[in-house]
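Participant: Give me the fold of what follows.
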Amino acid sequence: MDKSQPENLKNAGLKSTLPRLKILGLFESGQERHMSAEDVYKLLLSTGDDVGLATVYRVLTQFEHAGLLVRHNFEGGKSVFELNEGKHHDHIVCLQCGHVEEFYDTTIESRQKKVAAELGFEVHDHSLHIYADCTKTKCPHKPRNV
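Facilitator: All right, here's what the predicted structure looks like:
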């Protein structure tokens, strides 16, 4: 368990309970960056942790409200959460399996600002989600549960 976890929870105004520490640990470990509540629940079960699905949903919502996690609602899939690291990035989502990859492209960022300025806007925030199919003949990621 990361020693900074209790401090992160305290700074977010949350008490350090075992379920909160375990769930935050899953996101901080970096194994999977984007997880649904069901993904978190399955990971906890696989490690022998006795945390109910309702608790997982509640903790994820608390983390989102506290600014520790960011929730994304990508088309055709469940809500997924990622650790809020304060850095802007965009997402590409596989339509076959729901796998999410992050990317940052300075050319895209620059072009968006230029288009906005040409149309008389100043960009304060934006979100770019690209929906695509994995380029392999068979999707190499886990299948989507639809």
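
Participant: Could you give the number of residues near residue 11?
Facilitator: Counted with other C-beta atoms under 10 Å, the neighbours of residue 11 add up to 12. Glycine gets a C-beta too; all of them are placed from N, C-alpha and C.

Participant: Show me how the chain divides into domains.
Facilitator: Domains of the chain are assigned by automatic domain parsing as 1-85, 87-146.

Participant: want to throw these into a markdown table with mean pLDDT?
Facilitator: Below are the domains of the chain laid out as a markdown table (pLDDT from 0 to 100):
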| stretch | mean pLDDT |
| --- | --- |
| domain 1-85 | 87 |
| domain 87-146 | 86 |
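
Participant: Quickly compare these and say which is most buried.
Facilitator: domain 1-85 (a mean of 15; mean count of other C-beta atoms under 10 Å).

Participant: now the strands: where do they sit in the chain?
Facilitator: Taking DSSP state E as the criterion, the chain carries its strands at 69-73, 79-83, 90-94, 100-103, 129-132.

Participant: Contacts for the first one next, please.
Facilitator: If I follow you right, that is strand 69-73. Strand 69-73 has contacts (C-beta atoms under 8 Å, 6 or more residues apart in numbering) with 27, 34, 60, 63-64, 79-84, 91, 100, 129.

Participant: between it and strand 90-94, how big is the angle?
Facilitator: Interaxial angle, strand 69-73 versus strand 90-94 (axes from the mean of the first three to the mean of the last three C-alpha atoms, to 10 degrees): 50 degrees.

Participant: by how many degrees do strand 69-73 and strand 79-83 diverge?
Facilitator: Computed by the same axes, to 10 degrees, the angle separating strand 69-73 from strand 79-83 equals 150 degrees.
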